[in-house]
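Novice: Prediction below, plus the sequence it came from.
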Amino acid sequence: MTPHSAILCVALGNSLPPATLAQALQGHVVHHVDSLKEAERLQVLLSARVGVLLLSAELPQPQAALEAFLLRCWQMRWIVVLPPSLLAQPYWRSLLHTHCHDFHTLPADAARLNQTLGHALGLAALAPLTRPDKPALLEQMVGPSRALTQLRGQLQRVAGVLAPVLITGESGTGKELVAQAVHGLSARRSAPFIAVNCGAMPASLIHAELFGHERGAYTGASRERRGLIEAAQGGTLLLDEIGDLPLELQANLLRFLQEKTIFRLGSTASRPVDVRVLAATHVDLAQAVARGSFREDLYYRLNVLALEVPPLRQRRDDLLPLAEHFFERYASERASQLRGFSKAAELAIAAHDWPGNVRELLNRVRRAMVMAAGRLIMPDDLGLAAATPERAAVALDDARVLAERAAIAASLLEAGSNVAQAARRLGVSRMTLYRLLAKHGIPVRSHQGDIGRAAPG
Ligand SMILES: Nc1ncnc2c1ncn2[C@@H]1O[C@H](COP(=O)(O)OP(=O)(O)OP(=O)(O)O)[C@@H](O)[C@H]1O
């Protein structure tokens, strides 16, 4: 039995009679938790591919933490068991629709639930278990823009060293994906990658979560427990939203970074830990330092290497390739008649400002793939207004420029930065390609090397 055949059972509220649940889960390896925090923690260790989510009628909405959790665990197949009263509410219907593999309403039929679980595990087992190799890791960061090409080059370079990396960028730009790639490209790739959202945990808990605790360290600590830093032994720890880390814990983190040892809460014994730390933030940490909410010494310690993920509106060349990528990624969920994006949808995508960045694009495409009634996705399906004639004209112009630039960048990459070869692939002369490179501001000498030092486009 592989660890992936384990089932993570998350009960939010008391929603299913224990006997039915036990019967439904018979024959499976199940880990029970009753909070999202615990679920996230366990999932990091288990990498389960199937989860059961038990919801009770008392749950308030909206459930931002639950949505964020489901988004983070998008690779998992969730089977939701819920009371009919929740199913009647648009909020829960939409949540099920977006995130779930299947659902059962209460009173649940144990035999049918057991069968659904078997089916989900069977499907999950078809997905490759191996870690993506190096090119695959870089390919999963989709985007032909100059800024992203530059970023891919940079992250390959930082993957090879041990120093901390500070990843900055607006929410939804792909910071976690960058962190995963840094880990996956490093020599630590077969050890754990653990991501902790410092903003999602109450300050009172985060200490024990990160550093672990001894038995009796605080009321309710009935067993000793290692923290997430220790759980990442040999691997990489991503501290997401590092700006939210309380000041007193910043001191502990600094000590850990300097001395590579930790103290569990309630313990006087230091434990050596070999973990590479990556930190991500969407706030300007230098400003936080100036305000006094972030320690300057920790800032410099974390900011040894910096990677900046630009907002999507500053790399519009990535829009359509990303939209296509998500269309392919969620192919199994799309309405059967659907073939792709209409021209109007492409124009609307090009005209929109994407304040929620790649996450917004992903969500809109995913929703559109289910909502579209015709053969092609329309702006409406994406929840976007059709581009007005002036905006459309600008957008069309933009789209032409973007397509040209994307084709050039792609052929240069394929040709290993050999301009003559890339020109042949594009069907233009070498001189024309040099002119186009200048027009688009793409550095011409060693394409990949130089692009890393070019200003973001
Ligand atoms: N270049 C990309 N190619 C493919 N998918 C991407 C890309 N960038 C981001 N994504 C996807 O978009 C979603 C949001 O990305 P991610 O969670 O890494 O953003 P983030 O910057 O860490 O956000 P936050 O600051 O809110 O935590 C994820 O599902 C991620 O896989």
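Specialist: Right, received. Where do you want to start?
Novice: confidence score at the closest residue to the ligand within the chain?
Specialist: Here the residue of the chain nearest the ligand is Gly174; by CB to the nearest ligand atom that distance is 2.7 Å. In this view, the C-beta of every residue, glycine as well, is placed from N, C-alpha and C. As summarised for this prediction, Gly174 has a pLDDT of 95.
Novice: quick one: contacts for it?
Specialist: Listed by CB atoms under 8 Å, 6 or more residues apart in numbering, the contact partners of Gly174 are Met141, Val309, Asn357, Val358.
Novice: can I assume the second one is in contact with Val165?
Specialist: In other words, Val309. No. Contact criterion CB atoms under 8 Å: Val309 and Val165 do not qualify, at 11.8 Å.
Novice: which residues touch stretch 63-78?
Specialist: Stretch 63-78 is contacted by residues 8, 12, 36, 39-40, 43, 48-53, 95, 98-101, 120, 123-124, 127, 176, 195, 197, 200, 359 when judged by CB under 8 Å, 6+ apart.
Novice: Drop anything exposed from those.
Specialist: Burial by neighbour count, judged by 16 or more other CB atoms under 10 Å, picks out 8, 12, 36, 39-40, 43, 48-53, 95, 98-101, 120, 124, 176, 195, 197, 200, 359 from the contacts of stretch 63-78.
Novice: The ligand next: which of the residues you listed are close?
Specialist: Among the buried ones among the contacts of stretch 63-78, proximity to the ligand is found for Glu176, Arg359 (CB under 6 Å from any ligand atom).
Novice: Tell me which of the buried ones among the contacts of stretch 63-78 fall in helices.
Specialist: Per DSSP state H, helices hold the following members of the buried ones among the contacts of stretch 63-78: Leu36, Ala39, Glu40, Gln43, Leu95, Thr98, His99, Ala120, Ala124, Glu176, Arg359.
Novice: what about the strands in the protein?
Specialist: 7-12, 30-33, 50-55, 77-82, 100-105, 165-168, 193-197, 236-240, 261-263, 270-272, 276-281, 305-308, 340-341, 376-377 (DSSP state E).
Novice: roughly how far out does the last one sit from the chain middle?
Specialist: The reference is to strand 376-377. 26 Å (CA atoms, centre = their mean, to the nearest Å).
Novice: List the neighbouring strands of that strand plus their orientation.
Specialist: If you go by DSSP bridges, strand 376-377 pairs up with strand 340-341 (parallel).
Novice: From Asp381, how far out is Ala344?
Specialist: 10 Å (CB to CB, to the nearest Å).
Novice: between those two, who's got more neighbours?
Specialist: Asp381 (24 against 18; other CB atoms under 10 Å).
Novice: Could you find the closest non-adjacent residue to the more buried one?
Specialist: Ala368 (3.8 Å; CB to CB, 6 or more residues apart in numbering).
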